[in-house]
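> my questions are about this predicted structure, shown below with the sequence.
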Amino acid sequence: MQFYCMVMRINIDCNGCFRKVRRALLNMQELETHLIERKQCRVSVCGKFIPQDVAIKIRKKTNRRVEILEIQEFSNDNNDNDNDENHHNENQQENHHQEHQTQQHHQPHGPYISSWTYPSNHHQFATSVT
């Protein structure tokens, strides 16, 4: 599993929302560090995890909309170029699969991914419930 640092936008309107987000982050063992910027509604996390899975877990635990603003991947492998290329190809396949599913189903049931965009090294990912 790769080491990632991820920045997300989560609306933190009150002390209760702040406590929900903080409690959710503290209970996630895959996270090594986290930073909650309350006024900017930004949450930064670092650790060995799958970014989309962490965003979905936070969404489920807090019942708040989670939008991934930035993902930075850090690795110690010498085969970074091969891994990045394979990761990019996997992401393109997932993106195509997600677009195909969205076109077939107009009303998804439960949490779903509302956007997949992979420009260069910056990833955007958002979850919401309809």
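Yep, that arrived. Residues are numbered from 1 along each chain as shown.
> how many neighbouring residues does the spatially closest residue to Phe49 that is not a sequence neighbour have?
Spatially, and ignoring its direct neighbours in sequence, Phe49 is nearest to Glu30 (4.1 Å; C-beta to C-beta, 6 or more residues apart in numbering). In this view, the C-beta of every residue, glycine as well, is placed from N, C-alpha and C. Glu30 has 14 neighbouring residues, counting by other C-beta atoms under 10 Å.
> going forward, the N-terminal residue is numbered 789.
Okay, residue one is now 789; in that scheme the one you just asked about reads as Glu818.
> quick one: residues contacting Glu818.
835-837, 842 (C-beta atoms under 8 Å, 6 or more residues apart in numbering).
> among the residues you listed, which ones are in strands?
835-836 (DSSP state E).
> give the buried subset of the contacts of Glu818 as a ChimeraX selection command.
To isolate the buried members of these in ChimeraX, using 16 or more other C-beta atoms under 10 Å:
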select :835,837,842
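> how about the contacts of Glu818 in CSV, adding distance to Leu813 and pLDDT?
Formatted as CSV, the contacts of Glu818 follow (distance: C-beta to C-beta, whole Å; pLDDT from 0 to 100):
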residue, distance to Leu813, pLDDT
Gly835, 10, 96
Lys836, 15, 96
Phe837, 12, 96
Val842, 9, 96
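> look at the residue nearest to Phe837 and report its pLDDT.
pLDDT for Glu818: 95.
> dihedrals phi and psi, it?
When read as degrees, to the nearest 10, the backbone of Glu818 gives phi -70, psi -10.
> buried ones in stretch 826-842?
Going by neighbour count (16+ other C-beta under 10 Å), the buried part of stretch 826-842 is 829-831, 833-835, 837, 839-840, 842.
> can you give me the end-to-end span of that stretch?
This stretch, stretch 826-842, spans 19 Å end to end (C-alpha to C-alpha, to the nearest Å).
> who touches that stretch?
Outside of stretch 826-842, the residues within contact range by C-beta under 8 Å, 6+ apart are 789-800, 806, 809, 813, 816, 818-825, 846, 856-857, 859, 901, 911, 913.
> now with 7 Å, please.
Residues outside stretch 826-842 that contact it (C-beta atoms under 7 Å, 6 or more residues apart in numbering): 789-800, 806, 809, 813, 816, 818-824, 856, 859, 913.
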